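S.K.: I'd like to go over a predicted model; first the sequence, then the structure.
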Amino acid sequence: MSTTASVSVAEDAAVSGGHAGTPVPALSRRAGALKGEIVVPGDKSVSHRALIFGTLTVGETQISGLLEGEDVLNTARACAALGAQVERVGPGAWRVHGVGVGGLSAPTDPLDFGNAGTGSRLMMGVVGGNPITATFDGDASLRGRPMRRILDPLERMGVQVVAAAEGGRLPITLKGPRDLNPITYESPVASAQIKSAVLLAGLGAPGETSVIENEASRDHTERMLAHFGADVRVEPYGEHGRKVTLKGRPELKPAPISVPADPSSAAFPLVAALIVPGSDVTIKGVMTNPLRTGLLITLKEMGASIELVDERVEGGESVADLRVRASSLTGVDVPAARAPSMIDEYPVLAVAAAFATGTTRMRGLSELRVKESDRLAAVTAGLEAAGVAYHVEGDDLIVEGKGHAPGGGTVKTHMDHRIAMSFLVMGFATDKPMKIDDISFVATSFPAFVPLMTAIGAVIETAA
Ligand SMILES: O=C(O)C1=C[C@@H](OP(=O)(O)O)[C@@H](O)[C@H](O)C1
Ligand SMILES: C=C(OP(=O)(O)O)C(=O)O
């Protein structure tokens, strides 16, 4: 896909789920045990970064296993609009001809990132590191999300915020300076998006840019920087934190990327298999990067039968097949320090907790309030609709599991894919079916969710 070809990719039904239209309600109900072997799509975080790093090298980067979800396709379009040649050569197989660090051209139109926090925030860092002006925009969900957390460090580096909506929200226009200041930035929240935006901008600065975080967040940017030949140093910081330091203005070299299966997508069939009696499901080749395995650790503490089979390294990341069997779960206390390693998995953990026996306390969930929706509010509303007892204390969610759940309600998904998938999973095991108001945003991260779940025996009905 050169810039022109990008249009045809976006309109290809095989790779676009599409969530721009009218809401599509859906219902899930109890059926028999879930059985079989499945492969979930490529990791969303790695997919965004593969396209972005491909854009920042001179030469051709080949990507396999790319997630062809709406969020990532929007990043592909943005990379093309900034001068890269981005081409789809087969299912999940993409080629990027990059323009090199500092080589981006100003886009003619605003860059539309749809629903994607990761795409928009990482690309703000990329644009900030180039002497160009670009406007960033997105859907109603993305327009509601905080961007000051990215603008603050970028302004310290000399990036100009030409325009922004109230509260530092999208649409935002940024102008990258000719000479960027390298900085040391102590991030107020453990966020891989903040860390990555600063490091990506730092590629365009002379000297060393460092990011300090007090809890380690996912490290795909650091790994990919090293993979593409940058000089990057990672040191421990405090009890759980890290300091990442990058030497600016490197020449990045093209390198192949094989995207492993997304643990955040695997979470849905995984929890489904645990809560539907008699299930036995294997999810192949799931990334087991230790900064992404908080859910596995937590579910195992709850008594889940999850076997890691054939642990191996693929494309620089550890992966394993996950064999999951229906299990009797027990409530646990999930420490706040674990949150960065399972931040997107709390909605589906809350579903598992509803089917556990006893109390599950999930601590330190403030970041859930600023995702595609206020996930703390959306999850509690969903639990309410399913007749599950819960309460919220400060930033902690406490779910009172009874081993089963009545169901029977309708859940508002608020343009949030993970809320939609979590409560459809819940409906596979509730006494009465669960309904959601809109399934279309599933295309954001997991376009094949319905066919994959159906293939292992789940029942999902849509109005369409
Ligand atoms: O860097 C990334 O790829 C992501 C980081 C996380 O966000 P935060 O950085 O806001 O924690 C996560 O929620 C998101 O789905 C993907
Ligand atoms: C929070 C998420 O993504 P993003 O921030 O990229 O919109 C997610 O996928 O759950």
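M.R.: Okay, I see it. Numbers count the residues shown, from 1 in each chain. Ligands and ions are numbered 1, 2, ... in the order given.

S.K.: just checking, F53 touches A226?
M.R.: No. Between F53 and A226 there is no contact under CB atoms under 8 Å: 10.8 Å. Just so you know, the C-beta spots here come from the backbone N, C-alpha and C atoms, and that holds for glycine as well.

S.K.: which one of the two has more residues nearby?
M.R.: Just comparing F53 and A226: by other CB atoms under 10 Å the higher neighbour count belongs to F53, 27 against 16.

S.K.: Could you report the separation of that one from A201?
M.R.: Separation of F53 from A201 (CB to CB, to the nearest Å): 14 Å.

S.K.: Show the contacting residues for the closest residue to ligand 2 within the chain.
M.R.: Closest to ligand 2 within the chain is G117: 2.7 Å, counting by CB to the nearest ligand atom. Counting by CB atoms under 8 Å, 6 or more residues apart in numbering, G117 makes contact with L142, R145, Q193, K371, E372.

S.K.: Let me see the contact set for the third one.
M.R.: When contacts are counted by CB under 8 Å, 6+ apart, Q193 is found next to G117, T118, R121, L122, I150.

S.K.: Show the subsequent helix or strand relative to the helix or strand hosting it.
M.R.: Using DSSP states H and E, Q193 sits in helix 192-202. Counting by DSSP H and E, the next helix or strand C-terminal to helix 192-202 is strand 208-213.

S.K.: buried residues in that next one?
M.R.: By 16 or more other CB atoms under 10 Å, the buried positions in strand 208-213 come out as T209, S210, V211, I212, E213.

S.K.: ranges for the helices of this protein?
M.R.: Here the chain has its helices, by DSSP state H, at 3-11, 44-55, 70-81, 117-128, 140-143, 148-156, 192-202, 220-227, 263-275, 294-301, 346-355, 375-385, 417-427, 449-455.

S.K.: quick one: average pLDDT of the third one?
M.R.: By that I understand helix 70-81. Averaging pLDDT along helix 70-81 gives 98.

S.K.: returning to what we had before: could you work out the most separated pair of the contacts of Q193?
M.R.: T118 and I150 (11.3 Å; CB to CB).

S.K.: Compare the two and say which one has the larger neighbour count.
M.R.: I150 (28 against 21).

S.K.: hang on, the earlier thing: pLDDT and distance to A353 added to the contacts of G117, as a markdown table?
M.R.: Putting the contacts of G117 into a markdown table (pLDDT from 0 to 100; distance: CB to CB, whole Å) gives the following:
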| residue | pLDDT | distance to A353 |
| --- | --- | --- |
| L142 | 98 | 29 |
| R145 | 98 | 26 |
| Q193 | 98 | 27 |
| K371 | 98 | 19 |
| E372 | 98 | 21 |
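
S.K.: Restricting to these, which residues neighbour ligand 2?
M.R.: Near ligand 2, judged by CB under 6 Å from any ligand atom, the entries from these are K371, E372.

S.K.: Now tabulate the contacts of G117 in JSON lines and tack on distance to L383.
M.R.: JSON lines is the format used below for these (distance: CB to CB, whole Å):
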{"residue": "L142", "distance to L383": "26"}
{"residue": "R145", "distance to L383": "23"}
{"residue": "Q193", "distance to L383": "27"}
{"residue": "K371", "distance to L383": "17"}
{"residue": "E372", "distance to L383": "18"}
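
S.K.: Counting neighbours, what do you get for A163?
M.R.: 11.

S.K.: P171 is in contact with that one, correct?
M.R.: Yes. Taking contacts as CB under 8 Å, A163 lies within contact range of P171: 7.3 Å.

S.K.: give me phi/psi at D179?
M.R.: Torsion angles at D179 (phi, psi; degrees, to the nearest 10) stand at phi -120, psi 110.

S.K.: neighbours around it, how many?
M.R.: Around D179 there are 9 residues (other CB under 10 Å).

S.K.: if you skip the residues just before and after it, what's nearest to it?
M.R.: What sits nearest to D179 in space, not counting adjacent residues and going by CB to CB, 6 or more residues apart in numbering, is G158, at 7.0 Å.

S.K.: What of K247?
M.R.: Of all residues not flanking K247 in the chain, D231 sits nearest, at 3.9 Å (CB to CB, 6+ apart).
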